[in-house]
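K.L.:
A predicted structure for the sequence below; I have some questions about it.
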Amino acid sequence: MTGAATLRRLPFRLLVLAAFALMLAPVATVMTISVFRDEIVSFPPTGLTLDWYVNAWARREFARGFVTSLQVAALATCIGVPLGTAAAYALVRARLTGAQAISTLLLAPLAVPAVVAGTALYMFYLRAEFWLDRDITSTLEGLVAAHVLLTIPWTVRLVTASLQGMDRAAEEAAANLGARPFTVFRRVTLPAMRPGIIAASLFSFIQSFENLELSLLLVGPGRTTLPVAMLNYLEFRVDPTLAAVATVQILLVAILMLVTDRFVSIARTV
Amino acid sequence: MAALVLPAGILVALLLVAPMVLLFRISLNEFSPTQMMVEATTAANYLRAVGDPYYRSVLLTTLAVALGSTLLALTLGFPAAYWLARMQSRWKSLATIVVLFPLLVGNVVRAAGWLALLGNGGAINATLLGIGVIAAPLPLIYNTGAVVAGIVAVVLPYMVLTLAAVIEGIPRQVEEAASNMGAKPFTVFRRVVLPLALPGVAAGSVLVFVLCMNTYATAVLLGGPRFKMMAPAVYDQFVRGNNWPFGAALAFILLTITLVLTVFGSAALGRRYRRRLAEETT
């Protein structure tokens, strides 16, 4: 009753509307402009076209940036999610001394500003290059290692949540019925962790794909990620070509979310 | 089983803790225009960052923008979160995904969207020029207002999702009881919903404040060349100024101030919540 009464009030409705408009307006604008024919935006447009997408793919920095970002995100997710899952399992199940401190450490990459972490890592890589006598900055390995750092806190957080929500009686029942510990893990515990692991993979991949700040100093000539390529372009102008690139990223994220949502309800994992 | 925590722990220690220790060490070095960096143990970089009027104003701008954006995000985010939490139809999970979506799209894409909307040749100016309302483009971009709008849009999803999770835990009956006893909707909100949602307000505000303090892409793209916040200032020292020790000192000042303010902020809100609880129960 009261909920409904509040929900009907005009000021309340306006605030909700404003919040959603603010969140969605930039995404909607960039998608709209990407199909306008005019290079200099005008309303109404003189026509619609998909040429800007062809144009964007023809620009090497965007095409290569897209491929590099896909590579980095895929590799970082494949490394970070298993590591984070193992850590989350140990944190919840093993009675670790200092579990609180370990969990703080694993979540720390979220608390440190990405620009600060990126510069620190850049300094560290330069020092390591000197000791090891090999390139690390502006290599794929260096970039992937940095992005693994992004995937760990998300994985630990999401998998921990799915483990904490699990009823341990199911495991005990399986063990009492004669299942070996590994079978219990494979047939009971792992399925319970599955939604957390799937959501963690989605978040890790996207967080890595869209990350700008951590990569800024670690990318090298010829190996730029898509967000860095977009930032460099945007510092001079915004035009339909860039809008097309941004739209491709928006669509990629949308597709990943829809596919994931078929396996686990995203709305319930966050 | 405890060993399972080691790979991830070692990785974070190696790739985050060790580099941060190194960065701190660098912040104590001296800058030399010819050799770039000289080993030393001096607080000079920190003193310069605090004493220099330019960097003091950068820090104040960052604090003001972060505080303002956090308050705005709270004001706009609370109604949206309440609406989302009290939704009962099958559209609820869709609405949640709509909130989550802009968050996952990334800062650069959203900044590009604001440029396309607010820029001199952007959608708003193009429309107004087209229908002849204005003769020259309005200066909608490259000012503090544009940066704040951009930041609020970036952090709103975090605020809404954090608050919605807490509001969902508040039983509807509490609100109904208050309103059955004659409380107006706004009174119910102020005296019942808000106090019970305080832990969510604290968690959401702290999370959002940290994100605001660390803004990079939004500040660079929507603020223009003359607007400076801390994170871009740190980056500039490493790339354009090549003054690594000073850049490192700026980074640690940003980190420390953010950390101190979030600890104090959440402690203060937590105290208020506990006092409220104590009042209710006695």
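P.N.:
Right, received. Where do you want to start? Source: prediction; values computed, not measured.
K.L.:
Please list the residues of the stretch 151-270 of chain A that sit near chain B.
P.N.:
Remark: the part of the stretch 151-270 of chain A in contact with chain B comprises A:152, A:156, A:203, A:206, A:209-213, A:216-217, A:227, A:230-231, A:234-235, A:238, A:242-243, A:246, A:249-250, A:253-254, A:257, A:261, A:265-268, A:270, using CB under 8 Å from any CB of the partner chain. The C-beta positions use only the backbone N, C-alpha and C, and glycine is treated the same way.
K.L.:
Which ones among the residues you listed lie within helices?
P.N.:
Mapping these onto helices (DSSP state H) picks out A:152, A:156, A:203, A:206, A:209-210, A:227, A:230-231, A:234, A:242-243, A:246, A:249-250, A:253-254, A:257, A:261, A:266-268.
K.L.:
Kindly write the ChimeraX command that selects the buried subset of these.
P.N.:
The buried residues among these can be selected in ChimeraX (16 or more other CB atoms under 10 Å in any protein chain shown) with this line:
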select /A:152,156,203,206,209,210,227,230,231,234,242,243,246,249,250,253,257,261,266,267
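K.L.:
can you pull the contacts of the residue of chain A found nearest chain B?
P.N.:
Chain B sits closest to A:Pro26 of chain A, with a gap of 2.5 Å, by CB to the nearest CB. Going by CB atoms under 8 Å, 6 or more residues apart in numbering or on different chains, A:Pro26 touches B:Pro102, B:Val109, B:Arg110, B:Ala111, B:Ala112, B:Gly113, B:Trp114, B:Ala116, B:Leu117, B:Gly150, B:Ala153.
K.L.:
Are we agreed that it is in a helix?
P.N.:
Yes - applying DSSP: H, G, I helix; E, B strand; the rest coil, one finds A:Pro26 inside a helix.
K.L.:
out of everything not next to it in sequence, what's closest to it?
P.N.:
Nearest non-adjacent residue to A:Pro26, counting by CB to CB, 6 or more residues apart in numbering or on different chains: B:Gly113, 2.5 Å away.
K.L.:
quick one: which helix or strand includes the one you found?
P.N.:
Element membership for B:Gly113 (DSSP states H and E) is helix B:107-118.
K.L.:
how big is the angle separating the helix or strand just after that helix from helix B:107-118?
P.N.:
Next along the chain after helix B:107-118, taking DSSP H and E as the criterion, comes helix B:123-130. For helix B:123-130 against helix B:107-118, the angle by axes from the mean of the first three to the mean of the last three CA atoms, to 10 degrees is 10 degrees.
K.L.:
quick check, distance from helix B:123-130 to the centre of its chain.
P.N.:
On the basis of CA atoms, centre = their mean, to the nearest Å, helix B:123-130 sits 31 Å off its chain's mean C-alpha point.
K.L.:
now for it, which elements pack on it?
P.N.:
Contact partners of helix B:123-130 among helices and strands, from 3 or more CB pairs under 8 Å, 6 or more residues apart in numbering or on different chains; DSSP states H and E: helix A:10-33, helix B:107-118.
K.L.:
Report the buried residues of that helix.
P.N.:
Buried, per 16+ other CB under 10 Å, within helix B:123-130: B:Ala123, B:Ile124, B:Asn125, B:Ala126, B:Leu129.
K.L.:
Quick one: work out the angle between the next helix or strand after that helix and helix B:107-118.
P.N.:
Going down the chain from helix B:123-130, the next helix or strand is helix B:144-168, by DSSP H and E. Put simply, helix B:144-168 runs at 120 degrees to helix B:107-118, going by the same axes, to 10 degrees.
K.L.:
After helix B:144-168, which helix or strand is next?
P.N.:
As assigned by DSSP H and E, the chain's next helix or strand after helix B:144-168 is helix B:172-180.
K.L.:
other SSEs contacting that next one?
P.N.:
Under the contact criterion of 3+ CB pairs under 8 Å, 6+ apart, helix B:172-180 touches helix A:2-8, helix B:185-188.
K.L.:
Let me know how buried the single nearest residue of the stretch 51-200 of chain B relative to chain A is, in neighbour terms.
P.N.:
Nearest to chain A, among the residues of the stretch 51-200 of chain B, is B:Gly113, at 2.5 Å (CB to the nearest CB). Neighbour count for B:Gly113, taken as other CB atoms under 10 Å in any protein chain shown: 30.
K.L.:
Distance of it relative to A:Ala267?
P.N.:
24 Å (CB to CB, to the nearest Å).
K.L.:
Ok, B:Gln173 next?
P.N.:
For B:Gln173, the distance to A:Ala267 - CB to CB - is 24 Å.
K.L.:
picking up where we left off before, could you give the average pLDDT over the helix holding B:Gly113?
P.N.:
Helix B:107-118 shows a mean pLDDT of 91.
K.L.:
Centre of the chain to that helix, how far?
P.N.:
Offset of helix B:107-118 from its chain centre (CA atoms, centre = their mean): 17 Å.
K.L.:
helices or strands up against that helix?
P.N.:
The contact analysis (3+ CB pairs under 8 Å, 6+ apart) places helix B:107-118 against helix A:10-33, helix A:190-210, helix A:226-234, helix A:240-263, helix B:123-130, helix B:144-168, helix B:217-223.
K.L.:
which secondary structure elements does the third one contact?
P.N.:
The reference is to helix A:226-234. Counting by 3+ CB pairs under 8 Å, 6+ apart, helix A:226-234 packs on helix A:60-93, helix A:240-263, helix B:107-118, helix B:217-223.
K.L.:
swap the cut-off to 6 Å and go again
P.N.:
Here helix A:226-234 touches helix A:60-93, helix B:107-118, going by 3 or more CB pairs under 6 Å, 6 or more residues apart in numbering or on different chains; DSSP states H and E.
K.L.:
Same question for the longest one.
P.N.:
In this structure, helix B:144-168 packs against helix A:10-33, helix B:53-85, helix B:92-105, helix B:107-118, helix B:198-213, helix B:217-223, with contacts taken as 3+ CB pairs under 6 Å, 6+ apart.
K.L.:
Point out the most buried one among those.
P.N.:
With neighbours defined as mean count of other CB atoms under 10 Å in any protein chain shown, the helices and strands packed on helix B:144-168 peak in mean count at helix B:107-118, which reaches a mean of 28.
K.L.:
just to revisit the earlier point, pretty sure the residue of the stretch 51-200 of chain B closest to chain A is touching A:Thr32, no?
P.N.:
No - the pair B:Gly113 / A:Thr32 is not scored as a contact, 9.8 Å apart, by CB atoms under 6 Å.
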